[in-house]
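> Mind folding the following:
(chains A, B, C and D)
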Protein chains: 2
Amino acid sequence: MLEEREITIYDIAKYLNISAATVSRGLKNNPMISKATRKKIMDAAQVLGYQSNAFASNLRSRQTHTLGVIVPRLNSYFMSSALAGMENAANRYGYNLIIAQSLEDAEKEKRNAATMFNKRVDGLLISLSSNTQNINHLEPFFKRKIPVIFFDRVYPHNESTSVGINNFEAAYQVTKHLIDQGCKRILHLGGNVLRNVYQERLNGYRKALQDHHLSFSDKLHLTGPLSEQAGTDAARHILELAPNKRPDAVFSANDTAAVYCMLALQAAGLRIPEDIAFAGFNNDPISKVIAPNLTTVEYHGDSIGHTAATYLINHLKGISDLYATNAITLRADLVIRASSLKNKNPE
Amino acid sequence: MLEEREITIYDIAKYLNISAATVSRGLKNNPMISKATRKKIMDAAQVLGYQSNAFASNLRSRQTHTLGVIVPRLNSYFMSSALAGMENAANRYGYNLIIAQSLEDAEKEKRNAATMFNKRVDGLLISLSSNTQNINHLEPFFKRKIPVIFFDRVYPHNESTSVGINNFEAAYQVTKHLIDQGCKRILHLGGNVLRNVYQERLNGYRKALQDHHLSFSDKLHLTGPLSEQAGTDAARHILELAPNKRPDAVFSANDTAAVYCMLALQAAGLRIPEDIAFAGFNNDPISKVIAPNLTTVEYHGDSIGHTAATYLINHLKGISDLYATNAITLRADLVIRASSLKNKNPE
DNA sequence: ATTATTTTCGCAATCGGTTGCGTGTAATAA
DNA sequence: TTATTACACGCAACCGATTGCGAAAATAAT
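A predicted model of the protein is given here:
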């Protein structure tokens, strides 16, 4: 079988007896080239089966049309939705995504960032790993003015934009809802407060307690990875408390932990929401499957991803100025379901 | 603020009074260069803050160290797990992933493939969209000997390898299990048979029926997108049947449809598994949350992704020969849970 | 017909590593 | 000491597209 050689603009040039420069311009519909030759070039490219070489192009033009994306993990509902949203936006504008996961490890996140930088991504979209302490590893991007957008798990930085929701407000609403349902001892199952999303949810929870004259107690605040195991562990913790010390509600910072906590408590004979009400965060598919359905915060991963990517691309195209915008906040709505409805008639 | 210029190997060369060629080799730990100079080069690179330019490198070496991945959609549990597995493998060997989704649209899949080709990915990992009829759009890859690996939704092709599970066998086991539980009218909720996974699951189901002297009926075979809605629709269909015509079991080709079918039937008062047993496919997180827990087939997305990517990379490195291997089949195990247990003591 | 203007296109340098081949030097053998 | 060999490194072409600048061709103006 014949080893096929790469077709280049030089082949087209030779084929048409014109220069490569003209071909290059013609291929990009540069008006400097007459319509007639442009058409000839296009046709010849078609005939010869020309495929542009992105490297040569990138090397010279210094644009990759590629966006880097770093996420804590790929296989969570929220993240994969965010990626789907980004991919959609990127695809629409002719951009590609290089995706890497940090697996919640700051070191891996650093390495990922370095690789992205070397691959000369035009911009970076990042959601921080749970134990990332600072963003020194993003300095190369800032120095070279490569735009960085944080999404979901953001970091305050005045040369980049953040896209997310108002976690404080959402958590406040969740907690207020539980209080309105008559709950007085609300346990909060939170994540690592190094990440804004968990810190802000905790703050919203505390503020709601305070505004309703309920005291905050360390005993009612558990912190962990919000995994299935963490949910189960939280249930064990609750069951070990003296019945009169038990919380009458749980507000978990994600649905996974909430659901596994519910399952374990139900297995131990507790009734939800009668004995203990529940609320989660994320509106993960499992929240609609668990019985009773879980009250949660609707949190559109795809919107966040789509918005973040679109914004980044607009900036790259000079349509909008990234540095003028510090943060973009998307809607997040409380979704009330049976797991928290103690009153027959909701407020 | 000073506009920083790019540091190149020429800068390092000048800095050390050696040639760029030596720097290039030294940076890659080429043994042709003495250890001493290699160290000097490394140190200088560090001091000057050198970052390699992947384009220039790729352009010349004709290797991108990038793998293309095309999936039907990013935000499904199985796919995001597969991607996570691939990312892991790729990262380990210094490869990156460019990911695109076809959204179950053959046209978008074509465009994705063309982009990947232009970006000169070293290899392609693809899971076909549900309505892809042929793989003509992959011809450019075959022609240029760029390795292609199909995973999960594969396509017979003798110059590329497939990675997946034995869907026929798994479906056979599921069906047999339901029969062993005493079910006689088993409805199959399937996907588009254009895709091997759904065709094979259907075949396994039919073979099991046949082997156990149960007849196959078109009325007990529904085909659809296996979405939440499809599950709900299937339930409506079942409820509209005369009670004596109703199936006593449902085998769904994925968990999502199974779960939403279950929920709708339960809402209508049917008991599971007493009135109707259920089995799904995928071992999606929701299968462990639904009550009763759903019997399903464990289907390791991450293993499939990891295996496919590792295999591809090994081929690129010349360690293994892709063309010698036609298919790699991974384990898939029946996970029996309460949704199908009609006998107290399982077989 | 001649000059001015606009349009269309080509020349050649450039982006930043990579690599085949050749050469000078030092180490080793004769 | 001289011849041989291995080692370490440099030269320069190359990958393929992009682009500033200048020239030629086509068109308009005088």
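> which residues of the stretch 51-200 of chain A score low on pLDDT?
For the stretch 51-200 of chain A, not a single residue meets the criterion pLDDT under 70.
> Get me the contact residues on it for DNA strand D.
Counting by CB under 7 Å from any atom of the strand, the residues of the stretch 51-200 of chain A lying close to DNA strand D are A:52-53, A:56-57, A:59-61. (Glycine included, C-beta is placed from N, CA and C.)
> buried subset of the residues you listed?
Among these, those classed as buried by 16 or more other CB atoms under 10 Å in any protein chain shown are A:52-53, A:57, A:59.
> and those residues, which of them are in helices?
A:57, A:59 (DSSP state H).
> where do the helices sit along chain A?
Here chain A has its helices, by DSSP H, at A:9-16, A:20-27, A:35-48, A:54-61, A:77-92, A:106-118, A:139-143, A:167-180, A:196-211, A:228-240, A:255-267, A:301-316.
> okay, those in CSV with distance to DNA strand C next?
Shown next, in CSV, are these (distance: least, CB to the nearest atom of the strand, whole Å):
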stretch, distance to DNA strand C
helix A:9-16, 7
helix A:20-27, 3
helix A:35-48, 4
helix A:54-61, 4
helix A:77-92, 25
helix A:106-118, 9
helix A:139-143, 14
helix A:167-180, 41
helix A:196-211, 36
helix A:228-240, 44
helix A:255-267, 43
helix A:301-316, 19
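> could I get those helices as CSV with distance to A:L189?
Output for the helices of chain A, formatted as CSV (distance: least, CB to CB, whole Å):
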stretch, distance to A:L189
helix A:9-16, 60
helix A:20-27, 57
helix A:35-48, 59
helix A:54-61, 46
helix A:77-92, 17
helix A:106-118, 23
helix A:139-143, 34
helix A:167-180, 12
helix A:196-211, 10
helix A:228-240, 5
helix A:255-267, 5
helix A:301-316, 21
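> Please tell me how far A:A242 sits from chain B.
For A:A242, the distance to chain B equals 29 Å [CB to the nearest CB, to the nearest Å].
> is chain B contacted by stretch A:37-57?
Yes: residues of stretch A:37-57 contacting chain B under CB under 8 Å from any CB of the partner chain: A:51-56.
> hmm, I was thinking of stretch A:121-135
No: using CB under 8 Å from any CB, stretch A:121-135 never reaches chain B; the gap is at least 10.0 Å.
> which residues touch the residue lying closest to A:Q199 once chain neighbours are set aside?
Leaving aside its sequence neighbours, A:Q199 sits nearest to A:V193 (CB to CB, 6 or more residues apart in numbering or on different chains; 4.4 Å). Listed by CB atoms under 8 Å, 6 or more residues apart in numbering or on different chains, the contact partners of A:V193 are A:199, A:202, A:223.
> need the contact list for A:K35.
Taking CB under 8 Å, 6+ apart, one finds nothing in contact with A:K35.
> Okay, it and DNA strand D: tell me how far apart.
12 Å (CB to the nearest atom of the strand, to the nearest Å).
> what does A:G123 give?
Separation of A:G123 from DNA strand D (CB to the nearest atom of the strand): 18 Å.
> just to revisit the earlier point, and the residue nearest to A:Q199, what are its phi and psi?
With angles defined as degrees, to the nearest 10, A:V193 sits at phi -70, psi 0.
> A:A89 touches A:G305, doesn't it?
Yes: counting by CB atoms under 8 Å, A:A89 touches A:G305, with 7.5 Å between them.
> quick one: which of the two has more around it?
Using other CB atoms under 10 Å in any protein chain shown, the more surrounded residue of A:A89 and A:G305 is A:G305, with 33 against 23.
> Once you drop chain neighbours, what's closest to the more buried one?
Distances taken as CB to CB, 6+ apart place A:G85 nearest to A:G305, at 3.0 Å, with adjacent residues excluded.
> what does A:A291 give?
B:A291 (5.3 Å).
> cool, A:V197 as well?
Nearest to A:V197 is A:N167, by CB to CB, 6+ apart, at 5.2 Å.
> ditto for A:A338
Leaving aside its sequence neighbours, A:A338 sits nearest to A:P292 (CB to CB, 6+ apart; 3.5 Å).
> I'd guessed the one you found sits against A:S339; true?
Yes: counting by CB under 8 Å, A:P292 does reach A:S339; the two are 4.8 Å apart.
> out of those two, which sits in the more crowded spot?
Set side by side, A:P292 and A:S339 show more neighbours around A:S339, with 25 against 17, by other CB under 10 Å.
> Who are the contact partners of the more buried one?
A:262, A:272-273, A:277-279, A:290, A:292-295.
> can you rerun that using 7 Å?
Going by CB atoms under 7 Å, 6 or more residues apart in numbering or on different chains, A:S339 touches A:272-273, A:277-279, A:292-295.
> Using the record, which stretches count as separate domains in chain A?
A:9-52, A:65-165+A:301-331, A:167-299+A:334-340 (automatic domain parsing).
> what's the first-to-last distance across the last one?
Just to be clear, that refers to domain A:167-299+A:334-340. 19 Å (CA to CA, to the nearest Å).
> can you check the first one too?
Using CA to CA, one end of domain A:9-52 lies 8 Å from the other.
> same deal with the second one?
With CA to CA as the measure, the ends of domain A:65-165+A:301-331 fall 29 Å from one another.
> For A:A21, the count of nearby residues, please.
If you count neighbours by other CB under 10 Å, A:A21 ends up with 12.
> OK, contacts around it?
A:A21 makes no contacts at all, as judged by CB under 7 Å, 6+ apart.
> now swap in the one 4 residues further on and tell me
Taking CB under 7 Å, 6+ apart as the contact definition, A:R25 lies against A:32-33.
> Repeat that for A:D302.
A:D302 touches A:81-82, A:84-85, counting by CB under 7 Å, 6+ apart.
> rewinding a little: shared neighbours, A:P292 and A:S339?
Common neighbours of A:P292 and A:S339 (CB under 7 Å, 6+ apart) are A:272-273.
> Need the contacts of A:D302 in JSON lines (columns: neighbour count and distance to B:S162).
Formatted as JSON lines, the contacts of A:D302 follow (neighbours: other CB atoms under 10 Å in any protein chain shown; distance: CB to CB, whole Å):
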{"residue": "A:S81", "neighbour count": "24", "distance to B:S162": "28"}
{"residue": "A:A82", "neighbour count": "31", "distance to B:S162": "30"}
{"residue": "A:A84", "neighbour count": "24", "distance to B:S162": "25"}
{"residue": "A:G85", "neighbour count": "24", "distance to B:S162": "30"}
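> circling back to that earlier point, can you tell me how far the residue nearest to A:Q199 is from DNA strand D?
From A:V193 over to DNA strand D (counting by CB to the nearest atom of the strand), the distance is 47 Å.
> again, but for A:A264
A:A264 is 59 Å from DNA strand D, by CB to the nearest atom of the strand.
> Run a quick neighbour tally on that residue.
Using other CB under 10 Å, A:A264 has 18 other residues around it.
> neighbours around the nearest residue to it once chain neighbours are set aside, how many?
The shortest distance from A:A264 to any non-neighbouring residue, by CB to CB, 6+ apart, is to A:A235 (3.3 Å). The number of residues packed near A:A235 is 23, by other CB under 10 Å.
> ok, now A:T37?
15.
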